[in-house]
Structure formats: C-alpha cells, structure tokens
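Student: Sequence and computational prediction follow.
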Amino acid sequence: MDLMTRSGGAADLSGRQAEIGALWRALRARAMLAPTISVLFAEDPRRAEDFSFEGEGFLLDFSKTHIDRPALALLFDLVERMDLAARREALFAGEPVNLSEGRPALHMALRAGPEADYAANGTPVMPAILAERARMARFAEDVRAGRICGHGGRPIRAVVNVGIGGSDLGPRMLCRALGAFADGPEIRFLANIDDGAFNEAFQGLDPAETLVLVSSKSFTTPETLDNARAAKDWLRAELGPEGVAAHLVALTSRPEKAAAFGVPEAQIFTYGAYVGGRYSVWGPVGLPLMLAIGAERFGEFLAGGAAMDRHFHTAPFARNLPVLLALTGIWHGSACGHPSRAIIPYSERMRLFASHLQQLEMESNGKGVTAEGAPLEAHSGMAVWGDRGTSAQHAFFQLFHQGTHVIPVEFIVPVAPEVDRVRDCDCHNKLLANAFAQAEVLAFGSDDATLRRRLEAAGVPAHRIEQEIAWRRCPGNRPSVMLMMERLDPAMMGRLLALWEHRVFVEAMLLGINPFDQWGVEHGKKIAEALFPLLDDERPEEARLAALDPSTRRLIAASRRWLGKGTSTGA
Ligand code: F6P
C-alpha cells in the first residue's frame, strides 16, 4: 500500500509521519514510566480479566506484562494510525502487498475450503489450489496404502524431505508436533549441505523403499539442489539409472525446473509465486506432514488455519487474537526496546516450534526500512528463540529470573494431555504447574520475608542470612505472555500457526515493514558463491584472493592449509 497515494500528497504524508513519530515517542515514554507488574495488579482488580482474551480454543493472558490501560490505548492508536483495517483488507483481497516483489501474499488460500474465492491480482486461485490439494491427497494416500510403490515394487517405508528454510522448517516442526497422529512412513529431513546432515538423513534407509521429496519454491536454492543431486546418486547406486525417477517427488512453484531435474510430471506438486516460503506449509510443502498423518488429518490442520483466518479477518481488533498478540510483541520489541523474546512451549512435541518461528518472524520483520524504503520509526522485529519447558527451565531460565537482561517470555501451553497415554502418571499436571509457576515467579519474584523465615527455620546463622537472601532473591517484574490452547491436535496446530502468521503481519503493518520479502539473505548467498572457488580450486585466482578483506583471506588460507591444498594465499 502506497502511503503517498493513500494520504493524498507530500504535505499530508509528512503530517502523518509526524503523528506516527509522536505516537512512538509516547509509547517509548510510557514504557519507561511503567509501574511494576505487582503495582499494576494491586491497582487494577480487573487486570487478569481485562488484559486477557479467551476464544478460538485459546486463552491469551498478557496481564503479566507492563502494558497498562494508557499503554493499550496508545497501541490501539497505532493500529488506527497505521490503517491496519485497510491493510488487512488488501492482504485478503490478494492485492500486491509484497511491494518489492510486486506480489500478493495469499498463503490463506492454501488452507481455504471450496467456498472461498481468493484471487491474486484479480485472478481466482482456488480452482488450481483445490485441484493440486486433491492430487496431493491421492498421492499421499496411495503411498500410505502401498498402492504407489518403489521401483522394485516394494512399499515406501521412509521419506526424506530435501529442502531448506521455509521448505524445511514448517513441515519438520509439524511432523514432530503432530507425531502422536503419525501412522504413515517414517519422515526425515535434510536441509544443510553438511555431510553430517546427509549421512544422518539417509543412514539405515533402503533406497528401494525410500521417497525423496525435493522441496524448493524456486528450485534454484544451492543447498537443496546439491543435496538433491547427492540423493539421486544415492538412489542410482542401488536402483540403477532407470530406478531413480519413481523415487523422486518435487514440491515447487517452478515445475519446469523440477521436470528438467528428472522428476516425473505426475510427481510434481506446485503452488503459486504469491505464497512465500515461510508461509508455504499449507500446500504442497506440507506433503511430508500429509504422508505422516494422512489426508484427512491434514485437512483438519487446514481447517484450523482457515478458522483463524476468519477470526483475524472479522473480529474487532480489541477481541482479535493475532492483533492482541502482535501488540505485546510491538510493546516489548519496539516500545520497551528488548532485543529478544523467548518462546517456550510446554510440550515436548512442540520443541521445534521456536525454530520455525525464527524464520517466520525474523525473515519477515528483521528489516530496517519501511515497505516504501524509509527508515523505521522504531526498532524492527525482535530476535526470537526458545526451547520446550520444562527442559528449558534447567538450561537458561536462570538468566530470565536473575540476570540483568530482561527477556520477555511467551509461554505456549497445550492444556489437554496426549490422548494415547502409555503411562500412569500425574506428569501432565506437573508440566502445567511448572509453566504457571515460571510465569508467576517472573512477574512477582520471590518474597524476602518468606525467604528469611525459611533460612531461619533451616538453621542458617544470622550473620549469613542477608547474603543468602541476595543469592536467592528473584527480583520479578519480568514480563511474560501466556498462550494456553485447549489441546495439541492438527486443528489446533493449524489455528496456532495461522495465528502466528497473522501476528507477524500485524506487527509488520504497525512498523510499516513489508514482511513478505527477504533481500537481506540474498547478498550472503552471492558472496558464498564467490568464495567457493577460492576454497575449492587447486589454484585460486591470486587477484581475487588479494581483493578479499584481510580476515576472510586468512580464514581461507587456514582452511586450504588444513584441507591439504597448500598455502598460496600468503596469509
Ligand atoms: O533464505 C532465503 C529463502 O529464500 C527462504 O525465504 C526460503 O524459505 C529458502 O530460502 C528456501 O527457498 P526455496 O524454497 O526457493 O528453495
């Protein structure tokens, strides 16, 4: 959306920019003045109810942050000022919201039902999407039932997905998260070009019973193509040249490139260029998940995502989950200025959730200029990272509780235990108790009087008590957001993932960012291509070595020495 045309001219634009600048200054000032979380609760008896929202299978509680009523009002002013309603319409209408690439961002269409009428730049997309979804379902069910077999007629027992970034992280995370529903072939993932990754992915597999899915939107990503070539060699060595094609599948928006790579047309599944890699798991990129859990459960996952789309599209902003979650992110990252945020699902199966969100959030909102190319008024999106509870408590929570950096935490807690429980244990409620306990201690800390009483009761000598309290004290006043979900199943994972995608979109709109491009990644790819021959060639060009910065030249010289390639670089 072009701010210049929307606002009607340069004078309007500068007035509008000034207002937005003033809003950010007010938000930052509010963040600096914020009372402690304990005081916020003490002064506002309705805080737990009013700073939370229940609906769509979730309870979002952001009462244990420093957002108070004036801060919330400022955040909603920003929503208004940044025209979120119009920008949301543009997204759902399939307008080219990805300005730098001139494309719509219509990942919602991949999860929509037949009643939807999404169009990209005015061209309906649903007929092609539904046809491809039906082909995928047929293929997946035929593989699962042994109707589609390997070259020698043996059933497919394993699948290796070769892809990176959005062509890896989403399906990898979901295959783990929904592992309790998996009843298909074993699914493995190969992303890195490290030999160790290849060996791990293919170790112990029989080529005659293995499908290789080459997943790449562009079908040009070097890591994926190198790994796919190596996978072809691995198949060929056992099955012969005529046996390879039956074991190759491609998931891409460039079918002609997949065909040239040797993938039979019937095994190429495509999606439109209007779907970004990190938003693509809802279509052909989700084939590993469909193979694992079956087409019906995959359909439940899609339906969950579509339900969240309806909620985001229609619910008023004050009762809109993606908007509310985004406001907490904007507050922590851009108003308070915290550089990172931890995402901690209390679920072993969700342990890769944060790594998927790292691409979703940081590739989308890690940008220093607006969609129009102007500097941002506030900090860009935050670094996000995390691991699952309770394991994370025994690894890095110490710093959350007593370190001097403040790291806002987002807890995600599926409340129902796993359906097929194999042990008789009250462990699940202990898991929940731990999640709630961490949030409580982060917000309210420990109480010196209670600590003193305990130490005295334990017989600690009086002269050591103050020191012991200093060691043990948890200062509290550290923000966290709690997102509880009814259960962990395909439908709820669909809702959760779509919720997060829209949350990232809302944050981008409030910052003025285009979340659908990733130019920052491109430059590094080109430099790696240029460095490769300097490492690999027997006699690298001296002039190119000499043109390198001194540090990189030295790294290359040391690598060549250790690879037994001589030391002609002079370092
Ligand atoms: O890292 C850049 C990127 O383009 C991601 O956005 C994308 O998910 C990944 O590379 C892989 O791209 P492709 O699916 O085209 O191989």
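Tutor: Thanks, I have it. Numbering: from 1, shown residues only.
Student: Skip the chain neighbours and tell me the closest residue to E54.
Tutor: Nearest non-adjacent residue to E54, counting by Cβ to Cβ, 6 or more residues apart in numbering: L60, 7.7 Å away. No exception for glycine: its C-beta is placed from N, CA and C like everyone else's.
Student: Would you check that the one you found makes contact with L499?
Tutor: No: in this structure, L60 is not within contact of L499 by Cβ atoms under 8 Å, at 9.1 Å.
Student: Those two: which is more packed in?
Tutor: In terms of neighbours (other Cβ atoms under 10 Å), L499 is the more surrounded of L60 and L499; the figures are 26 against 22.
Student: Which strand or helix spans whatever residue of the stretch 401-550 of the chain ends up closest to the ligand?
Tutor: Distances between the stretch 401-550 of the chain and the ligand by Cβ to the nearest ligand atom are smallest at V521, namely 4.1 Å. Using DSSP states H and E, V521 maps to helix 519-536.
Student: Could you list the buried residues of that helix?
Tutor: By neighbour count on 16 or more other Cβ atoms under 10 Å, the buried set for helix 519-536 is 531, 534.
Student: try stretch 290-309
Tutor: Those buried within stretch 290-309 under the rule 16+ other Cβ under 10 Å are 290-295, 297-309.
Student: Same check on stretch 462-482?
Tutor: For stretch 462-482, a neighbour-count test (16+ other Cβ under 10 Å) marks 468-469, 474, 476-482 as buried.
Student: try stretch 340-354
Tutor: So for stretch 340-354, counting by 16+ other Cβ under 10 Å, buried means 341-347, 349-354.
Student: what is the rounded mean pLDDT of stretch 449-464?
Tutor: Stretch 449-464 carries an average pLDDT of 95.
Student: can you tell me the distance between the two ends of it?
Tutor: 15 Å (Cα to Cα, to the nearest Å).
Student: got a list of what the residue of the stretch 1-150 of the chain found nearest the ligand touches?
Tutor: At 11.3 Å from the ligand, E101 is the closest residue in the stretch 1-150 of the chain, using Cβ to the nearest ligand atom. By Cβ atoms under 8 Å, 6 or more residues apart in numbering, the contact set of E101 is 516-517.
Student: hmm, 10 Å instead?
Tutor: 273-274, 276, 514, 516-519 (Cβ atoms under 10 Å, 6 or more residues apart in numbering).
Student: Run through those and flag the ones next to the ligand.
Tutor: Counting by Cβ under 6 Å from any ligand atom, Q518 from those sit close to the ligand.
Student: Now pLDDT too, for the contacts of E101, in a markdown table please.
Tutor: Listed next are the contacts of E101 as a markdown table, based on pLDDT from 0 to 100:
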| residue | pLDDT |
| --- | --- |
| A273 | 96 |
| Y274 | 97 |
| G276 | 97 |
| N514 | 97 |
| F516 | 97 |
| D517 | 95 |
| Q518 | 95 |
| W519 | 93 |
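Student: got a markdown table for the contacts of E101, with distance to P114 too?
Tutor: Formatted as a markdown table, the contacts of E101 follow (distance: Cβ to Cβ, whole Å):
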| residue | distance to P114 |
| --- | --- |
| A273 | 23 |
| Y274 | 19 |
| G276 | 24 |
| N514 | 31 |
| F516 | 26 |
| D517 | 31 |
| Q518 | 32 |
| W519 | 36 |
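Student: what's the most distant pair in the contacts of E101?
Tutor: Farthest pair in those (Cβ to Cβ) is Y274 and W519. Separation: 18.0 Å.
Student: Okay, helices next: where are they in the stretch 451-571 of the chain?
Tutor: Secondary structure of the stretch 451-571 of the chain (DSSP state H, counting those that start in this stretch): helices located at 462-472, 490-511, 519-536, 542-546, 550-562.
Student: Format the ones you listed as a markdown table; extra columns: distance to A26.
Tutor: Shown next, in a markdown table, are these (distance: least, Cβ to Cβ, whole Å):
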| stretch | distance to A26 |
| --- | --- |
| helix 462-472 | 37 |
| helix 490-511 | 14 |
| helix 519-536 | 30 |
| helix 542-546 | 52 |
| helix 550-562 | 44 |
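Student: So which of these is nearest N121?
Tutor: Smallest distance to N121 across those (Cβ to Cβ): 18.5 Å, for helix 490-511.
Student: State the mean pLDDT of that closest one.
Tutor: Averaged over helix 490-511, pLDDT sits at 98.
Student: how about that helix against the ligand, any contact?
Tutor: No: if you take Cβ under 6 Å from any ligand atom as the test, helix 490-511 misses the ligand, and the best it gets is 13.5 Å.
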